[in-house]
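K.L.:
attaching a predicted model along with its sequence, questions to come.
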Amino acid sequence: MRRPRGSGGLWLGALILAMLVLPQIVSNDFAIDIFIRVLLFAFIGVAWNLIGGYARQLSLGHAAYFGLGAYTSTILQIRFGVSPWIGMPAGGIVAMLASLPIGSLCFRLRGPYFAIATIATAQVLMLLFLKFRDFAWGAEGTTIPDLGNAPLMMQFEAKSAYYYIALALLAIGLAITAWIERSWIGYYLVAVGEDEDAAEAVGVNALRIKRNIYLVSAFLTALAGTFYVQYIYFIDPNTAFSFNISVEAALVSIVGGIGTLWGPVLGTVLLEATSALLQSWLGGSHGGVQLTVYGLILIAVILWRPAGLLGVLTDVYRRLLRAGATPAKAAPIDG
Amino acid sequence: MLTAVAQAIVNGLLIGGIYSLVSIGVTLIFGVVKIVNFAQGEFVMIGMYISFFLATRFGIDPLVSLAVSMPVLFVIGMLLQHFLIRRVLALGDMPQIFLTFALSLLLMNVALLLFTANYRTVETPYSEAAIHLGGITVAVAKLIAFVVAMVLSLVLWVFLHATDLGKAMRAAAQNRDVAMLMGINPDRVFAVAVGVSLALAGAAGSLLMPFYPAYPMVGQVFVLMAFVAVVLGTLGNVTGALIASLMMGVAESLGIQFVGADSGLIVVFAMLLLTLAVRPSGLFGGWTR
């Protein structure tokens, strides 16, 4: 995780500035919509990456927390008139509470057992919300009442407002990850991820560290759920607990590089850019093309670069630096 | 009431036979190659489309087209092992799960592109036929599917216990390194295991066709069931998967009958989570992961 500090700060500053002015330059709604999707899914990927990437617990059930966040804020808003700004962290807390029993059940399992159990928990929640007809609108779902421009209720006329919320969420997710990566927790997590038994043997309480990071991951994922519902003005169990959410969360991290700060971001940019290009190129009528391409990209990445594409980028970057520093000699290539 | 229970149990057992073909496939690949195949359901889907096209283009009965779908999927399985799975064997859980997962995504969506999302059905003379036994109705197509599924499971059991290749497979499943030291060629054993497992999925597809519609996502229904059955029956345990599949079928059917039409899966998943809470290694455990 060592990298040149000085230039890193500069790049980061430039990136933040660019992201802040982007919606002022691009005013096309279609483009902003894509940016929002990228930011949102990158954020979900970052949240997943804490448990899935650093601790290597392959969760395929993060839709559970996304859905709980979405439903908590929506129920609070429609039934009790509570602003989603309060509903958002409330959803996060509900997700954290739910992650405790789910975690205590699933963390005793490893590898494929863990993955299958997490799928089952998200599916059970979806099936339950399909049954809650009086309390949570059942299978029909509900639309969020359109209040026009109501910033206090997290509703805006300008799309760029949603952009800034998503950007803030991603920034929070990345900041938390960066902090964890540098603290003792990060080292413990990586140790557990690499070899749980060995980590336990040197005194890491694997169960506790997994549970704690799962709390953080669930909380963040729930925030994304609230945001998504506010953005699309609609909720039903099939979108809120969609298996695709669980998949996308893991997918972007795998493609970009699991257990790295920027991996999920890179993965989302690549996948969403591909998907947007395909959409504008083929039109919306070709169901299946986008996911076919996702499948192909994923297989290619796993066979060619199982550690993710971030490694490729940093390799290229280092090689360029080295070539610039010693132009006379060929850069030595190390693996 | 009693007839309703008996009817639900019979329905459950019949569909459980199909689940068992899918879950035996999953558990066989896991036992021998140590990979969870998330794409197993998509091979059921391919089997269904093979039977569908043979039936609509050439008028071949889906039960006859079993003779096509099984060998075709066997070959696909060998190729799958050779070109994809073999290359991630050394990589660990995460890339392995995601490889088969990506394959599932790919196959579903290629099917969507080629065949559209429409439901495809095949009418056979026995599709609507039923036998009545003292108040209980048994659909003939489902009964045939169940019987063939049980016969195929038996053939597999004999293959695993009575042939050299089958014994080699079980040996590789028990301890891969020792099996290799004993002169078993893992590449060949792995390829056959994946081939056989996909052939079973293909058989499930053909058997389903007379009474179940084919569509690109159809595999998801069966693979979820299979996972639950395979976990309950202990990953890698063929007999366990068979028994657990039948149990799953009955549990689902009782759930539909007595909790509500949309509650079959809740009952099944509840069983899974409960089992994992009590016995994380499945009902037929012994093996502790």
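P.N.:
The structure has been received and is ready for your questions. These figures come from a predicted structure and were not determined experimentally.
K.L.:
B:S69: which element?
P.N.:
helix B:62-80 (DSSP states H and E).
K.L.:
and that helix, what's buried?
P.N.:
Of all the residues in helix B:62-80, those buried under the rule 16 or more other C-beta atoms under 10 Å in any protein chain shown are B:62-63, B:65-66, B:68-70, B:72-74, B:76-78, B:80. Quick note: C-beta positions are derived from backbone N, CA and C, even for glycine.
K.L.:
ok, then the element right after it?
P.N.:
Proceeding C-terminally, helix B:62-80 gives way to helix B:86-88 as the next helix or strand, assigned by DSSP H and E.
K.L.:
which strands and helices sit next to that next one?
P.N.:
Secondary-structure packing of helix B:86-88 (3 or more C-beta pairs under 8 Å, 6 or more residues apart in numbering or on different chains; DSSP states H and E): helix A:289-304, helix B:93-115.
K.L.:
quick check: angle from the shortest one to helix B:93-115?
P.N.:
This points to helix A:289-304. 150 degrees (axes from the mean of the first three to the mean of the last three C-alpha atoms, to 10 degrees).
K.L.:
can you pull the buried residues of the next helix-or-strand element following helix A:289-304?
P.N.:
Downstream of helix A:289-304, the next assigned helix or strand under DSSP H and E is helix A:310-325. Using 16+ other C-beta under 10 Å as the test for burial, helix A:310-325 gives A:L310.
K.L.:
so how far is helix A:310-325 off the chain centroid?
P.N.:
Per C-alpha atoms, centre = their mean, to the nearest Å, the displacement of helix A:310-325 from the mean C-alpha position of its chain is 27 Å.
K.L.:
please apply the same query to stretch B:48-55.
P.N.:
18 Å.
K.L.:
what's in contact with that stretch?
P.N.:
B:60-62, B:65-66, B:68-69, B:72, B:111, B:115, B:120, B:122, B:124, B:202, B:205-206, B:208-209, B:212, B:214, B:218 (C-beta atoms under 8 Å, 6 or more residues apart in numbering or on different chains).
K.L.:
near chain A too, which of these?
P.N.:
B:A111 (C-beta under 8 Å from any C-beta of the partner chain).
K.L.:
got the end-to-end distance for stretch A:128-144?
P.N.:
21 Å (C-alpha to C-alpha, to the nearest Å).
K.L.:
gap between that stretch and the chain center?
P.N.:
Centroid displacement of stretch A:128-144 relative to its chain, using C-alpha atoms, centre = their mean, is 25 Å.
K.L.:
residues in contact with residue 73?
P.N.:
You didn't pick a chain, so chain A it is. Taking C-beta under 8 Å, 6+ apart as the test, what A:S73 contacts is A:82, A:84, A:87-88, A:90-91, A:225-226, A:229-230.
K.L.:
try chain B instead
P.N.:
The neighbourhood of B:L73, defined by C-beta under 8 Å, 6+ apart, consists of B:43, B:46-47, B:195, B:198-199, B:201-202.
K.L.:
which bits of the stretch 151-289 of chain B sit near chain A?
P.N.:
So the stretch 151-289 of chain B meets chain A at B:216, B:224, B:227-228, B:231, B:235, B:260, B:262-263, B:265-266, B:269-270, B:272-273, B:276-277, B:280, B:289 (C-beta under 8 Å from any C-beta).
K.L.:
which of the contacts of A:S73 fall in helices?
P.N.:
Mapping the contacts of A:S73 onto helices (DSSP state H) picks out A:84, A:87-88, A:90-91, A:225-226, A:229-230.
K.L.:
make TSV out of those and add distance to B:L21.
P.N.:
Putting the ones in helices among the contacts of A:S73 into TSV (distance: C-beta to C-beta, whole Å) gives the following:
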residue	distance to B:L21
A:P84	48
A:G87	46
A:M88	46
A:A90	46
A:G91	42
A:G225	37
A:T226	43
A:V229	40
A:Q230	45
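K.L.:
find the nearest non-adjacent residue to the closest residue to chain B within the stretch 51-200 of chain A, please.
P.N.:
Closest approach between the stretch 51-200 of chain A and chain B, counting by C-beta to the nearest C-beta: A:P112, at 4.0 Å. Nearest residue to A:P112, sequence neighbours excluded (C-beta to C-beta, 6 or more residues apart in numbering or on different chains): B:V36, at 4.0 Å.
K.L.:
what is the neighbour count of the one you found?
P.N.:
Residues within reach of B:V36, counting by other C-beta atoms under 10 Å in any protein chain shown, total 24.
K.L.:
so what touches stretch B:254-263?
P.N.:
So stretch B:254-263 is contacted by A:127, A:130-131, B:4-5, B:7-9, B:12, B:264-268 (C-beta under 8 Å, 6+ apart).
K.L.:
residues contacting residue 78?
P.N.:
I went with chain A, as the question did not name one. Contacts of A:I78 (C-beta under 8 Å, 6+ apart): A:142, A:144-145.
K.L.:
sorry, I should have been clearer: chain B.
P.N.:
Counting by C-beta under 8 Å, 6+ apart, the residues that B:M78 touches are B:191-192, B:194-195.
K.L.:
A:Y233 and A:L147 touch, don't they?
P.N.:
No - taking C-beta atoms under 8 Å as the contact criterion, A:Y233 and A:L147 are not neighbours in contact, 10.4 Å apart.
K.L.:
which of the contacts of stretch B:48-55 are buried?
P.N.:
Using 16+ other C-beta under 10 Å, the buried members of the contacts of stretch B:48-55 are B:60-62, B:65-66, B:68-69, B:72, B:111, B:115, B:120, B:122, B:124, B:202, B:205-206, B:208-209, B:212, B:214, B:218.
K.L.:
having no further points to raise, I will conclude here.
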